[in-house]
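J.: Sequence and predicted structure, then a few things I'm wondering about:
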Amino acid sequence: MSIRGTLGPRSLSVVVVLGVLVLVAVYLPVEASGATGGQSPPIVYVSTAGGGISEINTANESVIATAPFPDNANGVAITPDGRRMYAADRDVPKVIVFDTTTNVPLAQIPIGNGPISVAITPDGTRVYATNQFDGTVSVIATATNQVVGTIATGAEPIWVTFSANGARAYVSNQVSGSLSVVATASNSVIATIPGFCNPFHSAFAQGGRLLFVSSQCDSTVKVVDTATNLVINSIPVGPLPRGIAFSPDGGRAYVANFAGNAVDVLDVASQTNLGVPITVGNSPWGLVMAPDGKAYVANFGDGTVSVIDSSTNSVVATLPARSNPEDVTLSSRAQPLILSYQFQAIAPPGSPFSWVRGMNNKGDAVGDYADSNWVLHGFLRTHTGMFVTIDPQGAVGCQLCTSAFSINDAGVIVGAYRDSNNVLHGFRRSPTGTYTTVDFPGAPDSQLTGVNNLGHKSGAYDLGSLGSTHCPGPQCQAISFVLRAGVFNAFEDPDARPQSTFALSINDLDQTCGGFTDLAGNTHGFVRNPRDGSFKTIQFPLANTSSWVNQINNNGTMAGEYNLRLGHGFLTNGSNFFSFDYPNSDFSGLRAVNNRRQVGGYFVVSGKFQAYIATPREE
């Protein structure tokens, strides 16, 4: 983030009436950075090859969030204290570290070629990451997030399991058909255990002596006595076994058969297959057992997670995940901040499209919706739940008519509409419903995007051809302005390409925020200081090409959006971020935040856009 001086009265704008969809988001305000108010339920983390790490609340089987990931996420692990997540990036060899409270990436650690899994020592001090194509394991110190060692193993190391005391690490070497036994004190291989056929996952049975290892190409689970480093049994299972997990009492082992679309159940005491396979989704990969006895199975082939009740050995739920889910882990100590919010969809009945654009401190929300004929209108949804359609008289009859951007505490609403000549105008609506057109002097097209409690307004204009409706994007044309006491002051972000700055909000301190397009065509958020005209760039970590800010409250907290393979919302105070998703959505965005930390935006399920608001539970 940078702070820069303004270069003068250049100007630009963004997101006009039904402009190009902006996918930008993530946020963490200082006042919302505390704990979630009590112990969280266990959270299941599922890495996906399609980008992102899905997070499941085991209390209600909902996908509460997706940690942003730019590439193919393979292995994922959570530190014992629940505060950090480490995930392997298969496409760009590195491990990415996340804050589990906010889902914000904190560090990127380059490692070897083909990382596919990560494991954390029981004391939480080190991460072991397997570099499949280098035949090595990288050792990362969690205190510094630096690589502190590299261990040569067999060909294609693919999984690591630690002994209970952390003194030994067992590395599955897929091509070598062996396990490397590593002394973690010296990071050296002290033994090699042969006898496997493409070994993959492994897990210790209760007691910590017997290690169960999935042996893929001979469709067995091998049992290793780690006291002697010998394979003592071979249990037939379904084709291509991978993930292994044990029931809470340790009596049964559950094995995901990648080529069998089923989970086998093994009796641990007799080391036999009970012959009661549980049908799940396509190509099950990893699985984890929750303390309550529910197993979560990542179905790589169909993008779902099957939930098995181990008391009945039946599938009790099927949850959505991103494409190609792979590894699964669980934390009983992570406390995602998203759990402190209550969500409410507020889409007008029958509307195929709606989103919130602004909120006041009473909880009144404004935004846009499409009717059954796909005619666009503005809306007001009061904090009592009443809907009012916002349509300036001049907008009646057009297809893409009205957007309601902002509402202040007095009930004044501002927005934009197109007239019968397809000219874009800003409007002000009084609390009693009187509309006034407000245009930037001499501009072909204008929009009002923000109004504060002093009556000051933000907005944008373009130089013709409805250029501001294409923001952000290569055809964006927009210049921002502030309207105060009848005086228009135009501005542009000094880092922006000419005519590509769009102001979207103004708070009671006259701070304005919005987005701009830089010379390379990337989009960024900004906040402008009214005292000296300086700008600060707002960019969600890793989202280097697509971040946006939509509303700023009086505490300086901003709601925005970002796109990292998928669309997310965010909250930020300009320095700290909090990634914000609507539960069980395909993707979502954040458009509004008030002084009470209520937020509003949109979520998408099966291609349908719906408006929502979310309120902190403590309120």
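T.: Arrived safely, thanks for sending. Residues are numbered from 1 along each chain as shown.
J.: Run through the strands of the stretch 451-600 of the chain in chain order.
T.: For the stretch 451-600 of the chain, the strands defined by DSSP state E, counting those that start in this stretch occupy 457-462, 479-484, 487-491, 501-506, 512-517, 523-528, 535-538, 547-552, 558-564, 566-572, 577-580, 587-593, 599-605.
J.: Mean neighbour count and mean pLDDT added to those, as CSV?
T.: Where you see a C-beta, it was placed from the backbone N, CA and C, and this is true even at glycine. As requested, the strands of the stretch 451-600 of the chain are arranged in CSV below (neighbours: other CB atoms under 10 Å; pLDDT from 0 to 100):
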stretch, mean neighbour count, mean pLDDT
strand 457-462, 31, 97
strand 479-484, 25, 98
strand 487-491, 16, 98
strand 501-506, 32, 97
strand 512-517, 30, 96
strand 523-528, 27, 96
strand 535-538, 22, 98
strand 547-552, 32, 96
strand 558-564, 31, 95
strand 566-572, 29, 95
strand 577-580, 29, 97
strand 587-593, 29, 96
strand 599-605, 25, 97
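J.: Same list (those) but as TSV, adding distance to residue 372.
T.: Putting the strands of the stretch 451-600 of the chain into TSV (distance: least, CB to CB, whole Å) gives the following:
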stretch	distance to residue 372
strand 457-462	30
strand 479-484	35
strand 487-491	38
strand 501-506	28
strand 512-517	31
strand 523-528	32
strand 535-538	37
strand 547-552	27
strand 558-564	27
strand 566-572	25
strand 577-580	30
strand 587-593	23
strand 599-605	19
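J.: Quick one: closest of these to residue 312.
T.: With CB to CB as the criterion, residue 312 lies closest to strand 599-605 of these, at 29.6 Å.
J.: quick one: contacts for residue 179?
T.: By CB atoms under 8 Å, 6 or more residues apart in numbering, residue 179 lies in contact with 170, 171, 172, 173, 192, 193, 196, 199, 202, 211, 213, 224.
J.: where's it relative to residue 135, distance?
T.: Going from residue 179 to residue 135 by CB to CB, to the nearest Å gives 14 Å.
J.: helix/strand/coil for residue 339?
T.: Assigned with DSSP: H, G, I helix; E, B strand; the rest coil, residue 339 falls in the helix class.
J.: count of neighbours near it?
T.: By other CB atoms under 10 Å, 22 other residues sit near residue 339.
J.: do the same with the one 4 residues further on
T.: Burial measure for residue 343: 19 neighbouring residues, criterion other CB under 10 Å.
J.: Is the closest residue to it other than its chain neighbours within a helix or a strand, and which one?
T.: Using CB to CB, 6 or more residues apart in numbering and skipping the chain neighbours, the partner closest in space to residue 343 is residue 614 (4.8 Å). Residue 614 is part of strand 608-616 when elements are defined by DSSP states H and E.
J.: Now do the strands in the stretch 101-250 of the chain.
T.: Counting by DSSP E, counting those that start in this stretch, the stretch 101-250 of the chain has strands at residues 104-110, 115-120, 126-131, 136-141, 146-152, 157-162, 168-173, 178-183, 188-193, 199-204, 210-215, 220-225, 230-236, 241-246.
J.: quick revisit: between the contacts of residue 179, which is nearest residue 154?
T.: The closest of these, once distances to residue 154 are taken by CB to CB, is residue 173, at 2.9 Å.
J.: was I right about the closest one contacting residue 157?
T.: Yes. Counting by CB atoms under 8 Å, residue 157 is a contact partner of residue 173 at 5.4 Å.
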